[in-house]
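**Student:** Sequence and predicted structure, then a few things I'm wondering about:
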Amino acid sequence: MSSETTSASTIRLVSVDFDCSDPAEMARFYGTALDLPVVYSSDDFILLGRDGAPGLGFIRVADYRPPTWPDPAQGKQIHLELGVEDLDAGQARLLALGAVEPSVQPQPDERRVLLDPAGHPFCIAPLS
C-alpha cells in the first residue's frame, strides 16, 4: 500500500448508531449507564457523547424488530458513522482498503454508505 493511500484523508469514528423503536428510552438507559449527555435530539434520533470523543446514537426505525442473536433470523441493527475530511478522498481510501459501494445512496452529497468486507453497512460523512 502506498503512503498516498494511507495519508490521503483522515478517518475517525464519529458515532456508533443503534436502530430501535424508542430513541428516548435507549438514550435514557445508555446516558445513565455511561454518564453521557445528550448532544443532539430529535423525535427520530438522539446522540449521546462528549466533545472530541465518539458518541452513541439511537435511530427510530419503523416496524423495528429486535435482534434474535445468536439466532441469525433477525440480524443486529447497528452501523458505524465515520468522519472524513473529504468525502470523495475518504470514500476512495476505504474502497482501496476493501470496502464496496452499494447501488443505493440515500444522501450522496451529505454522506456515503459503504459495505465493509463482510457486508456490514457503514456511513462516511464530512467532519464538522
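**Tutor:** Received, thanks. All values reported here derive from a predicted model rather than from experimental measurement. Numbers count the residues shown, from 1 in each chain.

**Student:** Please, where are all the helices along the chain?
**Tutor:** Along the chain, counting by DSSP state H, helices occupy 3-7, 23-34, 87-96.

**Student:** who touches the longest one?
**Tutor:** Contact with helix 23-34 is made by 18, 20, 36-38, 41, 43-46, 48, 56, 58-60, as judged by C-beta atoms under 8 Å, 6 or more residues apart in numbering. For every residue, glycine as well, the C-beta is placed using N, CA and C.

**Student:** can you give me the mean pLDDT across it?
**Tutor:** Here helix 23-34 scores 92 as its mean pLDDT.

**Student:** Would you format the helices of the chain as TSV with mean neighbour count and distance to Pro108 included?
**Tutor:** Listed next are those as TSV, based on neighbours: other C-beta atoms under 10 Å; distance: least, C-beta to C-beta, whole Å:
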stretch	mean neighbour count	distance to Pro108
helix 3-7	10	22
helix 23-34	15	25
helix 87-96	17	9
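
**Student:** want to throw those into a markdown table with distance to Asp109?
**Tutor:** Below are those laid out as a markdown table (distance: least, C-beta to C-beta, whole Å):
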| stretch | distance to Asp109 |
| --- | --- |
| helix 3-7 | 24 |
| helix 23-34 | 25 |
| helix 87-96 | 8 |
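
**Student:** Can you check which of the ones you listed gets nearest to Leu13?
**Tutor:** The closest of the helices of the chain to Leu13 is helix 87-96. By C-beta to C-beta, the value is 12.8 Å.

**Student:** residue ranges with poor pLDDT in the chain?
**Tutor:** When residues are selected by pLDDT under 70, those of the chain lie in 1-8, 69-70, 75-77.

**Student:** Give me the buried positions along stretch 110-125.
**Tutor:** By 16 or more other C-beta atoms under 10 Å, the buried positions in stretch 110-125 come out as 111-114, 122-125.

**Student:** Out of these, the closest to Pro72 would be?
**Tutor:** Nearest member of the buried residues of stretch 110-125 to Pro72, counting by C-beta to C-beta, is Phe122, at 19.7 Å.
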